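> what shape does this take:
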Amino acid sequence: MLGALGLALWLPPLAEGLPLAGQRALVITLRALVPNISGFLALALPIAMSVGREAGLNPLVCALVVMITGDAVVYYPAQSTSALVIYERGHVSAGEVLKFGLWMTLVAWVAIVLVALPWWATVGEPLRPR
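As a prediction, this is how the structure comes out:
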């Protein structure tokens, strides 16, 4: 679908011109637009790896950051079967799902910066290759 719309052609150049925080914002926006996690990862991981490589970053770490950022969040009930079930049963509202998703985005970013990046550097996969 993205190829038919031409979106697959303009996403990588758009991402290359953004600073790291802007790329994260692009990932979150893409996650909100692509409800299926498999579709999101199939689209975002190759882009993250190519942008990372061009920026002189470790493409594997860039892909892992995108995976954590996208997989840790659900912004609306249709993005997850479990969220849809509790939403349909009336246990949470769509607004509560969104609020929780925004908090999880913050938690994911903090976990990436404070835990994941230092750990990956310790095991031999730093953000900036030596």
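> excluding its backbone neighbours, what's nearest the spatially most central residue of the chain?
Centroid-nearest residue in the chain: Gly70, 3.1 Å away (criterion: Cα atoms, centre = their mean). Excluding its sequence neighbours, the residue lying closest to Gly70 (Cβ to Cβ, 6 or more residues apart in numbering) is Arg31, at 4.6 Å. Every residue, glycine included, has its C-beta placed from N, CA and C.
> hmm, the one you found is touching Tyr76, no?
No: Arg31 is beyond contact range of Tyr76, at 10.8 Å (criterion: Cβ atoms under 8 Å).
> these two: which has the busier surroundings?
Taking other Cβ atoms under 10 Å, Arg31 and Tyr76 do not tie; Arg31 has more neighbours (25 against 16).
> need the contact list for that one.
40, 44, 69-70, 73, 75 (Cβ atoms under 8 Å, 6 or more residues apart in numbering).
> next, the buried residues of the one helix or strand it maps to.
Here Arg31 sits within helix 20-33, counting by DSSP states H and E. For helix 20-33, burial by neighbour count (16 or more other Cβ atoms under 10 Å) applies to 23-24, 26-28, 30-32.
> and if you look at stretch 91-105?
97, 101, 104-105.
> same thing with stretch 31-44?
Neighbour count says stretch 31-44 has 31-32, 34, 37, 40-41, 43-44 buried, by 16+ other Cβ under 10 Å.
> packing partners for whichever strand or helix holds Tyr87?
For Tyr87, the host element (DSSP H and E) is helix 81-88. Under the contact criterion of 3 or more Cβ pairs under 8 Å, 6 or more residues apart in numbering; DSSP states H and E, helix 81-88 touches helix 94-111.
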